[in-house]
Every structure is written in structure tokens, then in C-alpha cells.
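S.K.: build me a model:
(chains A and B)
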Amino acid sequence: MGTFLEWVERISALAAPPAVGGLIIALGLVLLARRWLLQVVGMAVMYFVVGVLHTQMIRPEVVLVKLLIGAVVCLALGATGQSAAGLATGGDKGGRGNEEGERETEEAAPPSRWRNFLRRFPRWSDDAPLRALALGAALLVAYAGSLRFPLPQVPPLVGLACYLLGVVGLFLAGMAEEPLGAGLGLLVFLNGFDLFFGALEPSLVVAGLLGLVQFLITLAVAYLTLARAG
Amino acid sequence: MLALIGVGLLLLAMIPTYFLRRRRGVALLLAASVSAVLGFGIALIPMGRTFVLWGREFAVGETATVFGRSIVLDSLSQTALTFLFLIGAALFSLAWPLESGELYAPVGLGVLGLLTAALIVRPLVYAMLFLELAVALSVLLLRGGVGGARYLTFCVLALPGPLVAHWLLDMYALTPDQARLLYTASLLIGLSFALMLGLVPFHPWVPALARRESPLAVALIFSAIGGTVWFLLLDYLRTYPWLSQSPYWSSALTALGIGTVVIGGLLGTTRRGWGALLGYAVMVDTGMLVVALGRGEAVGLELGRAMMLTRTWGVLTMAAGLAAVSVRRESAETGWSPWGAVAAAAGLLSLAGFPPTVGFVSRWGLYRLLFPEQPLAVLALLLASVGLVVGLLRMLPHALVPDLSRPRALLAVDLLLLLATVGAIGLGLFPQFLIYR
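M.R.: Next up is the predicted model:
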């Protein structure tokens, strides 16, 4: 345990621009990707970066608990995504059902040089430009908000991260068509709030209850997603 | 201490009811018994009475400490807990013949336990956390429609407000010259309660939830969780009296309340199904409650409390009626029964405040209170109630057409529905049980 805590303290040195950069990439992945696997990877990176940012304000032991909660949440989300994708395609294809369906459609159409060129790039959904715009807007709002209304008790970069998580979470929850998307938005939003509130109220009971809230929300979202898919 | 034992009992009772979930009747009977015993126990045991447990003497109503947090049972939380446990007992009894979900008993008990914890724990910041836990758990009672996700979203977005407000109030205690802290705190608290109560413009989750989900699960959310939110709001007003002393308090609540009532009434005229009509009726009733609260006086608060009771009766009667109608349609063997439709109509009329139902009693008091100063507001409230009745008249002919022509015997569930319907009218004719002055 001692080694792990030392390791956590060492990586807390990262809690500066690199951590915020990592957060932007993670949130971009969650917001832009439509495949559950990429979204869960984005969530896992987000939980790690938020943990790193937490180390600036709260004790490493509490950060460790938060990271464990994040790991459990991501595992539950991954299992839910896989099961929902399996139910949607009538078999367990690990979320690749849509991709294969699209491939069949493309095989029927005559190939072209441009299509062959574009096929090498990862496929994005039709609303990817809108989501990219939302991410840009979120970055702008978070940056302006952290300058105009700086959050008390937290360093400026952590304040920026809180705003970013809050705004992206709201966008995700607002744009979601499925319970899983709404749940991801709520968890991102709650992480932003947790990062801020952890500095205001470093009580272990509050940290534990907020973790329990996140866990129950994940459970509720998993239930809603599977009930809808089934 | 007594309330803490109640929380423990409810959470412990989740275990046997979960293992008995295949025998729904036994599980629901156990859940109803635990709720009823706790409800009558809290209501009948006098405050201050001492009892001995594990060799230690406790007094009912004395403050206990758990993990450094206070557990308080005062007169307001005593009323709220009695209300909560009796709602639970009624819902579990109704769920026996009318709800097919296996998890209704264990999840319902868990929700009641968490709501009880929210009502007795201090400071109030922990109450909000327990309330969120109850909200997340209650989602397991739903069927997975879009309404469940919306309900969860709006309630989770309400969490940060009271928590940050608590810190701002602590800061204000240290720097009393910064009045802006108070202003921000009251704004955050108001926003959070508006989200959880479903006031305009945060109302979309209310009809969406009621439209597609199981009526008795929706009834638990609207009556037990909605009631707890209401009692917590009253607790906030008592703990922070400056909230209601703000010059904008009355006008803001009146505007929000009337806005919610009018939008609910307008949408209620549309024909989107019985479930949606229940949601719009709840919107109208919530708006009325907020208008009553905006009066700020003792009479306004007393009216609010009476409206909470009458609303619960209306919601339970209507939900039971809707559940009966859907159960009948699913099982062709039992034949067609008009009692479900009659109970649903009686519940809706009560929620609309139509005389002589029980809902009219508290509405009449509100209209009389408002009329001397705001006659136009009273007119708007009356017209909104008419909107719900128009919606009912559009739905009723379809509901009263028998699906099955075969005659059928009167079942026990019909007697329950009849009792709820007669109660909705009887309490309206003899309202002295509800309003003491």
C-alpha cells in the first residue's frame, strides 16, 4: 500500500497542464465516439485524470478509494455496453453489430477510389460534427467560466477541469438518446462536482456517500439500458 | 434513536423480501406489515417517552449521533415519517394484486429506508445525499422507458446546489458582511428544489415518467419521494428562515407555481394517455403547493401540508385505477371491470381539485387565501384545473368501453379500488380529519 501511495504522490506532479490535456482527450472520446468500448475507455481515462487532480487537494488514501470506485463504475459500464450491444444484435458481438451491418451495405454498393480512401479512417456517426461543435463550445464555456467566475478553494487548472467536466456532462446528458449516454453524462457531471466539492468538504463520509451515489447511478443506468435493449 | 431503528428494520427487511420475491404476495405482505407497524409506531408513541434497549435507556425524540452526524426526530420529521410509512404500507398492499414486478417489495423498502434516513439526518447536506441514493434505487422499479432516464437526470442535477449552498452558508457565518453568499445559496437551493419538484421549465420528466412506467412505481416516486422532497423543503425553510424573508421569495414562488399549474393544465387537455394525464395532474398539484408555500404564513404552510395529504390520496387512487385497468387488459380470464376506470377518474378529479373530492378541500382554502389579493391568479388556477377535467372527459369514453363482454365476479381488488374511490369523495365531504382549523 505504501508503494502505491508513493506512486500516487509521484504522479500528482502531473496535475498540471498535462492532466487537463488528458482530460480534454478523454472527454472528447466520450462525447465523440458512439461505440461503447471507446466511451468506456474514455471514462476510465477520465476517472484516472480526475484522481490525479484530486491529489492536489485531498489525501492520497481518499484518492485511492475514488479510483477504486471509478474502476468499479467503468467495469459495470463496460459489462452493460457489451450486454446491450449483444441484445441489440441478437448475439454477443462486442458492440460491433452496427459496424458489420454498415459493411454489408457498403459491399453491395460499387466501390470507388474515394470510398476506399475514406474506409481507412475510423468511422464516425452522422452527428459527429455536431458533437465536435459541442465539445468546442464546452471548452469555450469552461475556459470563460473559469476566468470570469473562478471556483473558490481550488487551483485555477483544477477549476478549469471542474467546469469542463460539468459542461461536457450536461451536454452528454442533454444529447443522449439512450439511458447509457445519459448515465455517462451524469457520471461526468458528478465527477466535476466531486472534484470541486472534495476541496470544500474533505469529509470521508461525504466522499463515501458521493461514491455510493455514483455506484447506484451506474446500477440504475445499467438496469435502464438493459431493460430498454431487451 | 427510534427512527434509526426504523431505518435499520426497513433495510433489514429488504433481505427476506428479496429472497421471497418469487412469492410476491408473502414479500409484499411482509413489506406492508413492516411499514404499517413503523407508521403507527411513530405516530402513536409520544415524544420524550423513554424505553430500554440492550440495557441502555433511550428517549423518543432525543438526538443520537452516528459517525459524528446527528439523528433527529422532531415534530416535523415525526409527521413526515408517519406519512411516509403509511404511504409505503398502502402501496405494498395495492401492489399485491396490481403490480407484477418482483422487486417492488425489496426495492420499495430500500427506498423507504433511505428516505427515512434523509428525513432524520442532520446537517441537511447529508439528507440530500440520502435522497439521491433513494432516487437512484427507485429507478430499479421502472420498466426502462425514456422517462426513467429523464427522472434520474433531473434529480442528479439537483444534487450540487444544496451541498454548495451548505458551504456558502458556513462561509457567511464567518463573514456576515458578504450578503452575496446568501443570495447565491438561496438561488442554488431554489434551483435544486425546482428540479426535483418538476417546476416549469424543469417539468419534462414528470409526464414522461408517468406515461410509460408502471403506475404503482410512479405512485411511489410521486408520493413517497415527492413528499420527502416537500418535507425537506419545509425543513430548509425552518433551518434557514432568511430564505423566506427575501423580498423576491413570495413573488418568485407564486410566478413559478402559477406557471407550472398553467402549463400542466394546458398540456392536460391533450390526449396522450392516462399515464401522461397523471403526470400533468401532478404538475398542477405541485404548482398549487408552491403557490401555497409562497404565501409564507402559517396558514400557507398548514394548507401546503393538507394539500400534500390530499395529493397523495389522489395519486394513489388514480395509480391503483390505472394499474387495475392494465392488469385487466393483460389477463383476459378475469374479464372487464369498470372499477379501475372509476378509481382513475376519481383520483384525477381529486388531483384537479374538483368538488366534492378530497382535493377540493385544500384547493378551496388556497383560493380563499389568494382571492382578496390576486383574483386573476385564482382564475388561472381554476382554468388549469378545468384543463385536467377536459383531458379526463376526452379519455373517459374510451376507458369505459368494455374490452371483454363476459360478465365477471367482484374481486378483492375491486373492493380496494371502491374503498379508495369512496375515500376520495368521503374525505371531501367530511374534511375535518385533514384540516384542523
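
S.K.: switch to C-alpha atoms for all contacts and neighbour counts from now on
M.R.: Fine.

S.K.: would you mind listing what in chain A touches chain B?
M.R.: Within chain A, the positions lying close to chain B (CA under 8 Å from any CA of the partner chain) are A:173, A:178-179, A:182-183, A:186, A:193, A:197, A:200-201, A:206, A:209-210, A:212-213, A:216-217, A:220-221, A:223-228.

S.K.: report the buried members of those residues.
M.R.: A:173, A:178-179, A:182-183, A:186, A:193, A:197, A:200-201, A:206, A:209-210, A:212-213, A:216-217, A:220-221, A:223-228 (16 or more other CA atoms under 10 Å in any protein chain shown).

S.K.: list the buried residues in the helix or strand hosting B:Leu366.
M.R.: Per DSSP states H and E, B:Leu366 falls inside helix B:358-370. Residues B:Val358, B:Gly359, B:Phe360, B:Val361, B:Ser362, B:Arg363, B:Gly365, B:Leu366, B:Tyr367, B:Leu369, B:Leu370 are the ones in helix B:358-370 that count as buried (16+ other CA under 10 Å).

S.K.: so, low pLDDT: which residues of the chain?
M.R.: All of this refers to chain A. A:1-5, A:8-15, A:90-125 (pLDDT under 70).

S.K.: meant chain B actually
M.R.: B:297, B:300, B:327-337, B:400-410, B:433-437.

S.K.: list the buried residues for stretch B:367-387?
M.R.: B:367, B:369-370, B:377-378, B:380-387.

S.K.: can you flag which of those residues belong to helices?
M.R.: B:367, B:369-370, B:377-378, B:380-387 (DSSP state H).

S.K.: against B:Gly275, how distant is B:Val229?
M.R.: Distance of B:Val229 to B:Gly275, computed by CA to CA, to the nearest Å: 22 Å.

S.K.: would you turn the ones in helices among the buried residues of stretch B:367-387 into CSV with distance to chain A?
M.R.: Output for these, formatted as CSV (distance: CA to the nearest CA, whole Å):
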residue, distance to chain A
B:Tyr367, 38
B:Leu369, 40
B:Leu370, 38
B:Ala377, 33
B:Val378, 35
B:Ala380, 32
B:Leu381, 31
B:Leu382, 34
B:Leu383, 33
B:Ala384, 29
B:Ser385, 31
B:Val386, 33
B:Gly387, 30
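
S.K.: and which of the buried residues of helix B:358-370 is nearest to chain A?
M.R.: Of all the buried residues of helix B:358-370, chain A sits closest to B:Gly359, with 33.8 Å by CA to the nearest CA.

S.K.: how about the contacts made by the closest one?
M.R.: Contacts for B:Gly359 were tallied using CA atoms under 8 Å, 6 or more residues apart in numbering or on different chains; they are B:Met307, B:Thr310, B:Arg311, B:Gly314, B:Leu349, B:Ser350, B:Leu351, B:Ala352, B:Gly353, B:Ala424, B:Gly428.

S.K.: what sits against the third one?
M.R.: By CA under 8 Å, 6+ apart, B:Arg311 lies in contact with B:Ser223, B:Asp285, B:Ser350, B:Leu351, B:Gly359.

S.K.: list the contacts of the third one.
M.R.: Contact partners of B:Ser350, counting by CA under 8 Å, 6+ apart, are B:Thr310, B:Arg311, B:Gly314, B:Thr357, B:Val358, B:Gly359, B:Phe360, B:Ala424.
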